[in-house]
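**Student:** kindly return the folded structure for what I paste below:
(chains A and B)
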Amino acid sequence: MRPWSVALLAGVLLSGCNEMGRQPRYDSSEPSRLFADGKSLQSAPEGTVAQDAPARLAALTTRPPMSAALLQRGQERYAINCVPCHDLAGDGHGTVPARGFPQPPSFHEPRLVAANSAYFVDVITYGHGVMYSYAARVEPADRWAIAAYVRALQLARRAPADALSNADRQALGGGNGS
Amino acid sequence: MIAALFPDRTAEALLIHLSGQESEAAAHEKDCLAAIFGAKLGWHGCKDALGALLQGNKGTGLLAQIFTASADTRLRAVLFLAALVGVFLIVFGGGFAESTFLTAVGWFRDQPVPFSHQHHVGSLGIDCRYCHSGVETSDRATFPPTHTCMTCHSQIWTGAPILAPVRQSMLTGKPIEWNRVSAVPDYVYFNHSIHIDRGVPCVTCHGRIDQMPLTARAKPFQMQWCLDCHRDPAPHLRPPEQVTRMDWSDWERDPEAHKDYGALMVQAYGIEPAKLIQCNTCHR
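**Tutor:** Model prediction:
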């Protein structure tokens, strides 16, 4: 065979391979033969301190100022992470307790109304009772946002109507009375 | 075919050349040529004539003049190309390239645990981001660690045999080896976070995951399919705060009410479709 026909044949045969589609590299979470435990995602050696550790610690220990943006962020994060158990209103009647998970306490019970925001951040970080830690899923700043939103939920149940502005009362459909 | 075999001689020239010779072999070759170039011999006669022609080396030596030195290679090349065209016709014309056999659309994959998105998303209403917590900030949707499964299953279905691999994984720290359902080739650099941020809903690429008892790929994940959206992103954009919503039938039922949304958001985000279809947007 002539060289050009060999080259043509090789080109056509090689086009059947898809070596570029599965390159010899590790994508995240892929198994690995390189490490003894078979994971390509290796955890950091013990005692490693992440570069952003001080920033995260600061975010965890410093309460951000209350703002509408914080509440909005909190509402969104609450809907993602908390609603399955605590439900949209915070009574603890979520779909997961309805299927047999122990029912969480209502955010409107006196003990939790009296608790400060740092307590909620703490429970999100370390878990409480049968509730697992959410530290790996909810960023420190978002924990404060969720705590702020829980405060808003509590206030919504307890705020005296007199404290509302006329515009708020009308928006809620309560007229201008109590 | 004939043209490839006889590049620099015409039939007429050959016939004239042969007519000057009187030998039996020359007469025979004349018949053969007449057969090839359209004389009325019919198929069988033509076949016989060709056979005679191919054995005609003992004749006047004209065969060497008819067939150039490269005729054999040319014939092979032509046959090879014809076979190639046949394969292409089957792959692209016959629909093999778009078949679900190749794209895996709708094919459920075996998993170590028969996880049901229908139950967790559809029935329980758990947001996608509860488990795929990195989807807003990283290129990957991120697989939930076993810890996330056990958040509920430390209390619910604690003895269920189908959850044994989950408990085993929690005990040993060895991750569950899920099989990927939706994957792009390694030369495609897809980034989830930008799509989520701009409001391309999960359902656009992953289908009605809330209706899948087992998980299957919903869309072909081929380049043409990616480009369909990248060429004209506006109609595919939705409010980012509702990005995990599955049912957009009310939005799609009334295109007039939402016809400006996409166009305005393309402007607001500064999306340039011309850039979205450049090679290095996805291939680096």
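**Student:** in chain B, what residue lies closest to chain A?
**Tutor:** B:Pro185 (3.7 Å; CB to the nearest CB). C-beta here means a position set from N, CA and C on the backbone, and glycine is covered the same way.
**Student:** so who does the residue nearest to that residue when sequence neighbours are not counted touch?
**Tutor:** Once flanking residues are discounted, B:Pro185 sits nearest to A:Gly21: 3.7 Å by CB to CB, 6 or more residues apart in numbering or on different chains. Residues near A:Gly21 by CB atoms under 8 Å, 6 or more residues apart in numbering or on different chains: B:185-187.
**Student:** returning to what we had before: how many neighbouring residues does the residue of chain B closest to chain A have?
**Tutor:** Look at B:Pro185: counted by other CB atoms under 10 Å in any protein chain shown, it has 13 neighbours.
**Student:** and the gap between it and A:Ala115?
**Tutor:** Distance of B:Pro185 to A:Ala115, given as CB to CB, to the nearest Å: 51 Å.
**Student:** also A:Val83?
**Tutor:** 20 Å.
**Student:** quick check, pLDDT for the residue positioned nearest the centre of chain B.
**Tutor:** For chain B, the residue nearest the mean C-alpha position is B:Ala97 (4.7 Å; CA atoms, centre = their mean). pLDDT recorded at B:Ala97 is 78.
**Student:** next one: phi and psi at the residue nearest to it when sequence neighbours are not counted?
**Tutor:** Excluding its sequence neighbours, the residue lying closest to B:Ala97 (CB to CB, 6+ apart) is B:Val91, at 5.4 Å. Per-residue torsions, B:Val91: phi -70, psi -50 (degrees, to the nearest 10).
**Student:** same question for A:Glu109.
**Tutor:** Dihedral angles for A:Glu109 - degrees, to the nearest 10 - are phi -80, psi 150.
**Student:** that one: neighbour count?
**Tutor:** 13.
**Student:** do the same with B:Asn179
**Tutor:** 10.
**Student:** list the residues that contact it.
**Tutor:** B:109-111.
**Student:** check B:Arg140 too.
**Tutor:** Taking CB under 8 Å, 6+ apart as the criterion, B:Arg140 is in contact with A:28-29, B:134, B:192.
**Student:** so which elements touch the longest helix belonging to chain A?
**Tutor:** Secondary structure of chain A per DSSP state H: the longest helix is helix A:140-158. Applying 3 or more CB pairs under 8 Å, 6 or more residues apart in numbering or on different chains; DSSP states H and E, one finds that helix A:140-158 contacts helix A:53-61, helix A:68-81, helix A:110-114, helix A:117-126.
**Student:** mind doing that once more with 6 Å?
**Tutor:** For helix A:140-158, the packing partners by 3 or more CB pairs under 6 Å, 6 or more residues apart in numbering or on different chains; DSSP states H and E come out as helix A:53-61, helix A:68-81, helix A:117-126.
**Student:** show me what counts as buried in it.
**Tutor:** A:140-154 (16 or more other CB atoms under 10 Å in any protein chain shown).
**Student:** could you report the neighbour count for A:Ala161?
**Tutor:** Neighbour tally, A:Ala161, other CB under 10 Å: 11.
**Student:** now A:Arg77
**Tutor:** 23.
**Student:** same check on the one 5 residues further on?
**Tutor:** Close neighbours of A:Cys82, defined as other CB under 10 Å, add up to 24.
**Student:** hang on, the earlier thing: please pick the buried ones from the contacts of B:Arg140.
**Tutor:** Here, 16+ other CB under 10 Å leaves A:29, B:134, B:192 buried among the contacts of B:Arg140.
**Student:** thought the first one was touching B:Phe143?
**Tutor:** Yes. Shown here, A:Ser29 and B:Phe143 form a contact pair, counting by CB atoms under 6 Å, at 5.3 Å.
**Student:** quick check, the residue in chain A closest to chain B?
**Tutor:** Nearest residue of chain A to chain B: A:Gly21, at 3.7 Å (CB to the nearest CB).
**Student:** about what we covered before: and what about the residue nearest to the centre of chain B, helix, strand or coil?
**Tutor:** Three-state assignment for B:Ala97 (DSSP: H, G, I helix; E, B strand; the rest coil): coil.
**Student:** go ahead and confirm it touches B:Leu89.
**Tutor:** No. Using CB under 6 Å as the test, B:Ala97 is too far from B:Leu89 to be in contact (11.3 Å).
**Student:** tell me where the chain is predicted with low confidence.
**Tutor:** By default, I'm working from chain A. A:1-2, A:14-18, A:174-178 (pLDDT under 70).
**Student:** to clarify, I was referring to chain B.
**Tutor:** B:1-65.
**Student:** which parts of it sit against chain A?
**Tutor:** B:124-127, B:129-130, B:133, B:140, B:143, B:151-152, B:155-156, B:185-187 (CB under 6 Å from any CB of the partner chain).
**Student:** which among these count as buried?
**Tutor:** Among the residues of chain B next to chain A, the ones that count as buried (16+ other CB under 10 Å) are B:124, B:126-127, B:129-130, B:133, B:140, B:143, B:151-152, B:155.
**Student:** in strands only, show me those.
**Tutor:** Assigned to strands by DSSP state E, none of these qualify.
**Student:** which of the residues you listed fall within helices?
**Tutor:** Using DSSP H, these in helices are B:129-130, B:151-152.
**Student:** which residues of chain A lie near chain B?
**Tutor:** Counting by CB under 6 Å from any CB, chain A sits next to chain B at A:20-21, A:23, A:28-29, A:80, A:84, A:95-96, A:100-101, A:130, A:132, A:137.
**Student:** of the contacts of B:Arg140, which is the nearest to B:Gln211?
**Tutor:** Nearest to B:Gln211 among the contacts of B:Arg140 is B:His192, at 21.5 Å by CB to CB.
**Student:** that closest one and B:Gly94, how far apart?
**Tutor:** Counting by CB to CB - B:His192 and B:Gly94 are separated by 34 Å.
**Student:** angles on the backbone of the residue nearest to the centre of chain B, please.
**Tutor:** The phi/psi pair for B:Ala97 (degrees, to the nearest 10) is phi -60, psi -30.
**Student:** and B:Gln222, how many neighbours?
**Tutor:** 14.
**Student:** from B:Lys219, how far out is the nearest residue to it once chain neighbours are set aside?
**Tutor:** Spatial nearest neighbour of B:Gln222, excluding adjacent residues (CB to CB, 6+ apart): B:Thr103 at 6.5 Å. Distance of B:Thr103 to B:Lys219, given as CB to CB: 8 Å.
**Student:** strands of chain B, residue ranges please.
**Tutor:** According to DSSP E, chain B contains no strands.
**Student:** pull the longest helix from it.
**Tutor:** helix B:71-88.
**Student:** with just CA atoms, put it into PDB.
**Tutor:** Below are the C-alpha coordinates for helix B:71-88, written out as PDB (Å, rounded to 0.1, in the frame of the first residue of the first chain):
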ATOM      1  CA  ALA B  71      -5.200   1.700 -11.600                       C
ATOM      2  CA  ASP B  72      -5.200  -0.900  -9.000                       C
ATOM      3  CA  THR B  73      -4.600   1.600  -6.100                       C
ATOM      4  CA  ARG B  74      -7.300   3.900  -7.600                       C
ATOM      5  CA  LEU B  75      -9.800   1.000  -7.700                       C
ATOM      6  CA  ARG B  76      -9.100   0.200  -4.100                       C
ATOM      7  CA  ALA B  77      -9.400   3.900  -3.100                       C
ATOM      8  CA  VAL B  78     -12.700   4.200  -4.900                       C
ATOM      9  CA  LEU B  79     -14.000   1.100  -3.200                       C
ATOM     10  CA  PHE B  80     -12.800   2.300   0.100                       C
ATOM     11  CA  LEU B  81     -14.400   5.700  -0.300                       C
ATOM     12  CA  ALA B  82     -17.700   4.000  -1.400                       C
ATOM     13  CA  ALA B  83     -17.600   2.000   1.800                       C
ATOM     14  CA  LEU B  84     -16.900   5.100   3.900                       C
ATOM     15  CA  VAL B  85     -19.900   6.900   2.300                       C
ATOM     16  CA  GLY B  86     -22.000   3.900   3.200                       C
ATOM     17  CA  VAL B  87     -20.900   4.100   6.800                       C
ATOM     18  CA  PHE B  88     -21.600   7.800   6.900                       C
END
